[in-house]
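Peer 1: sequence unknown, structure follows:
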């Protein structure tokens with residue numbers, strides 16, 4: 001299957017109809033990633049077709065957690081710890097009616113995103129420089145978003161503490177995960193409730209999608225948390241507290 005058909009068919013499984021212009025944007029985005037990656041460490045995936053599956057289609061797979069009404073709405077979306085702009089830039093290309101904010105702590109990656117946003121003509125996206133544990137207390141961002149995404153950022157309890165404070169009431173946090181998730185999901189459930197969310201849901205990728213993109217047929221799922229009420233003002237905690245003492249993780253008692 002050629003690359004254009006792969007992108008079109010994968011998007012169609014997720015309820016999207018990509019135009020020729022959008023396909024061209026994806027291919028231009030890949031070229032930019034490869035060009036910048038020669039001087040800035042953006043991705044370890046550099047084989048052309050693998051980038052389509054493991055970056056672009058994997059990014060769009062977040063939409064497994066979004067119903068048709070949300071996909072069609074002019075949603076406010078924030079991508080936390082976005083790295084090279086994934087899934088943020090992929091979502092901005094595929095859903096031009098969404099307004100995407102990309103939050104990244106590494107300046108050189110923000111500069112890449114800014115260059116890519118300009119080159120691709122993405123008027124529905126902005127890149128912000130900052131850390132989630134700090135920006136999560138910014139009144140202009142806190143509790144404002146219908147969708148919060150985070151891809152390959154941290155273990156679930158830490159990831160939720162960084163993400164859920166951005167979610168509006170009724171909004172959702174979406175986190176792609178794979179591997180044995182039993183303990184992580186149990187800890188994430190306690191963290192999600194502490195942060196004002198419902199219990200996490202584990203949504204598998206459609207078989208039709210993994211048949212098209214076999215690199216994604218590795219048991220990965222989308223973890224979805226619906227925000228029941230706004231996160232308490234003390235979250236996210238400052239500094240490294242969210243990583244050193246993750247919410248929902250019981251601290252082992254020290255021997256006497």
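Peer 2: Cool, got the structure. This one's a predicted model, so the numbers in the text were calculated from it and none came from an experiment.
Peer 1: residue 78 should be in a strand, yeah?
Peer 2: Yes - assessed by DSSP: H, G, I helix; E, B strand; the rest coil, residue 78 belongs to a strand.
Peer 1: ok, longest strand in the protein?
Peer 2: Ranked by residue count and defined by DSSP state E, the top strand of the chain is strand 167-177.
Peer 1: pLDDT of the helix or strand containing residue 109, averaged?
Peer 2: Per DSSP states H and E, residue 109 falls inside helix 107-120. Confidence for helix 107-120, expressed as mean pLDDT, is 98.
Peer 1: for stretch 218-238, buried residues please.
Peer 2: Buried positions in stretch 218-238, judged by neighbour count with 16 or more other CB atoms under 10 Å: 220, 221, 222, 223, 224, 225, 226, 227, 230, 231, 235, 236. Just so you know, the C-beta spots here come from the backbone N, C-alpha and C atoms, and that holds for glycine as well.
Peer 1: now render the residues you listed as TSV, adding pLDDT and distance to residue 25.
Peer 2: Shown next, in TSV, are the buried residues of stretch 218-238 (pLDDT from 0 to 100; distance: CB to CB, whole Å):
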residue	pLDDT	distance to residue 25
220	93	25
221	96	28
222	97	23
223	96	28
224	98	27
225	98	30
226	98	31
227	98	31
230	98	35
231	98	34
235	97	36
236	97	33
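Peer 1: which two among those residues are spaced furthest apart?
Peer 2: 220 and 230 (29.5 Å; CB to CB).
Peer 1: poorly predicted segments of the stretch 1-150 of the chain, please.
Peer 2: The stretch 1-150 of the chain contains no residues with pLDDT under 70.
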